[in-house]
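**Q** Please find the sequence and the predicted model below.
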Amino acid sequence: MIKGFGILEMLIALSLGLGVLTVIIAHSAETGKVAKKIIGNQERLEAIFHTVDTIKSDLNKCGMRLQEARQFFNIPFFASAAGSFSCEYGLADELLLENAVRGQQTLKVAQNDFFKKDKAILIYNLAEGAWELNEIKDCLAGVLVLKSALQNDFVRNSPVVILKKVEYRYYPAQRTLKRKADRGNFQPLLEEVSDFYVTFFPDANSVLYRIEVNKKEQIRGYIFLLNLV
């Protein structure tokens, strides 16, 4: 005669089953934590790589299309302070198609898609040793309407350079490094930043920067500003 399970056997079986189930649940929870940590680390590394690439790209462009003007007029296109730096470069350039005189508020240039409303421009005249910054109020079929009247005379073929300015700033309270382009707002570039500093070496035209993340990982970069040489 086949006997069924006794109460003792059933209790033992239930205990074993609950033990196995507990192990499975604990393992699944731990696996989920590990997977979440791995994904978080990967996302942080991707954000760091993106930040480094963006900084390199901006610094490598610093002074681009502005070498001639800087050589003759010593215009600063890079500036740094505690936890921040800014740099400027030229997006495009055109030559004046006709003379422009002091007090004038228009410039005649060839049409160029980079010349847009609210963009900053640099105008200079090597022969007269004159230069000035201005902004575009409007574009009308190759005629740039300026926000301010010209302070100098500029002869035909004087260069007009459209400028782009980028700024980086560290916000310690938010533990965030942010970037701003032209007149836009500062946008988060990297979070969990515990320190950020930049040092400019004018004799070597080079920049040393360091980013510290979570007081653990440190990323350093040393970049020559080749366009400022």
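**A** Cool, the structure landed.

**Q** so the residue nearest the centre of the chain is in which element?
**A** A centroid search over the chain (C-alpha atoms, centre = their mean) returns Arg179, at 4.7 Å, as the residue closest to the centre. Secondary-structure element containing Arg179, defined by DSSP states H and E: strand 176-181.

**Q** ok, and the closest non-adjacent residue to Glu98?
**A** The shortest distance from Glu98 to any non-neighbouring residue, by C-beta to C-beta, 6 or more residues apart in numbering, is to Lys108 (4.8 Å). (Glycine included, C-beta is placed from N, CA and C.)

**Q** Pretty sure the one you found sits against Glu94.
**A** No - with contact defined as C-beta atoms under 8 Å, Lys108 does not count as touching Glu94 (9.8 Å).

**Q** neighbour count winner among those two?
**A** Comparing Lys108 with Glu94 by other C-beta atoms under 10 Å, the one with more neighbours is Glu94, at 20 against 16.

**Q** mind listing the strands in this protein by residue range?
**A** Applying DSSP state E to the chain gives strands spanning 78-81, 84-95, 106-108, 120-125, 130-140, 143-146, 159-171, 176-181, 187-191, 193-201, 206-213, 217-224.

**Q** In TSV, list those along with distance to Glu43 and mean pLDDT.
**A** Listed next are the strands of the chain as TSV, based on distance: least, C-beta to C-beta, whole Å; pLDDT from 0 to 100:
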stretch	distance to Glu43	mean pLDDT
strand 78-81	29	93
strand 84-95	25	96
strand 106-108	47	96
strand 120-125	35	96
strand 130-140	39	94
strand 143-146	44	95
strand 159-171	20	97
strand 176-181	15	97
strand 187-191	10	95
strand 193-201	15	94
strand 206-213	12	94
strand 217-224	14	92
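
**Q** Using a markdown table, please lay out those strands together with distance to Phe72.
**A** A markdown table is the format used below for the strands of the chain (distance: least, C-beta to C-beta, whole Å):
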| stretch | distance to Phe72 |
| --- | --- |
| strand 78-81 | 17 |
| strand 84-95 | 15 |
| strand 106-108 | 20 |
| strand 120-125 | 8 |
| strand 130-140 | 8 |
| strand 143-146 | 22 |
| strand 159-171 | 11 |
| strand 176-181 | 27 |
| strand 187-191 | 34 |
| strand 193-201 | 22 |
| strand 206-213 | 22 |
| strand 217-224 | 22 |
